[in-house]
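Trainee: Can you look at this prediction? I've put the sequence above it.
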Amino acid sequence: MNPLELRDALAELARELGIDVRVVTGASELEPGIPVRSGSCRVRDEVWVILVSGDPLEEHIAILADALREHAGDALESRFLPPAVRARLDGDS
């Protein structure tokens, strides 16, 4: 599985497990000129992952994997996952 496929598989898995994944441009829509970075956060009772389109693919993968481990760990245990996805979630980059 190439990095783009891995990122897409992690994003789809996150969405299936109730994590809101959003892709945004690198400029803040609220404050133009202020740089925005990819990351995850909790907004009320929801978990959001924000992926900035200009950030490196490896950063997107790491953020998605971290969010899944932190917020959906129990749901991942009993679920079949492609070997590359399982390896990344288990920390076997």
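Mentor: Done, it's in.

Trainee: Name the single longest strand found in this protein.
Mentor: Longest strand in the chain by number of residues (criterion: DSSP state E): strand 46-52.

Trainee: Show residues contacting it.
Mentor: Here strand 46-52 makes contact (Cβ atoms under 8 Å, 6 or more residues apart in numbering) with 11, 14, 18-26, 36-42, 60, 63-64, 67, 71. C-beta coordinates here come from the backbone N, C-alpha and C atoms, glycine included.

Trainee: Return the subset of the residues you listed lying in helices.
Mentor: Mapping these onto helices (DSSP state H) picks out A11, A14, H60, I63, L64, A67, H71.

Trainee: In ChimeraX, select just the buried ones from those.
Mentor: Selecting only the buried entries of the ones in helices among the contacts of strand 46-52 in ChimeraX, with 16 or more other Cβ atoms under 10 Å as the criterion:
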select :11,14,60,63,64,67,71
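
Trainee: How about R37, nearest residue that isn't a chain neighbour?
Mentor: Among residues not flanking R37 along the chain, V52 sits closest, at 6.2 Å (Cβ to Cβ, 6 or more residues apart in numbering).

Trainee: Run me through the strand neighbours of the longest strand of the chain, direction for each.
Mentor: strand 20-24 (parallel), strand 39-43 (antiparallel) (DSSP bridges).

Trainee: Kindly reformat those as CSV containing mean pLDDT.
Mentor: CSV is the format used below for the strands paired with strand 46-52 (pLDDT from 0 to 100):
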stretch, mean pLDDT
strand 20-24, 92
strand 39-43, 90
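
Trainee: how about those strands, which one is nearest L81?
Mentor: strand 20-24 (16.7 Å; Cβ to Cβ).

Trainee: quick one on the thing from earlier: mind listing what's buried in the longest strand of the chain?
Mentor: In strand 46-52, counting by 16+ other Cβ under 10 Å, buried: V47, V49, I50, L51, V52.
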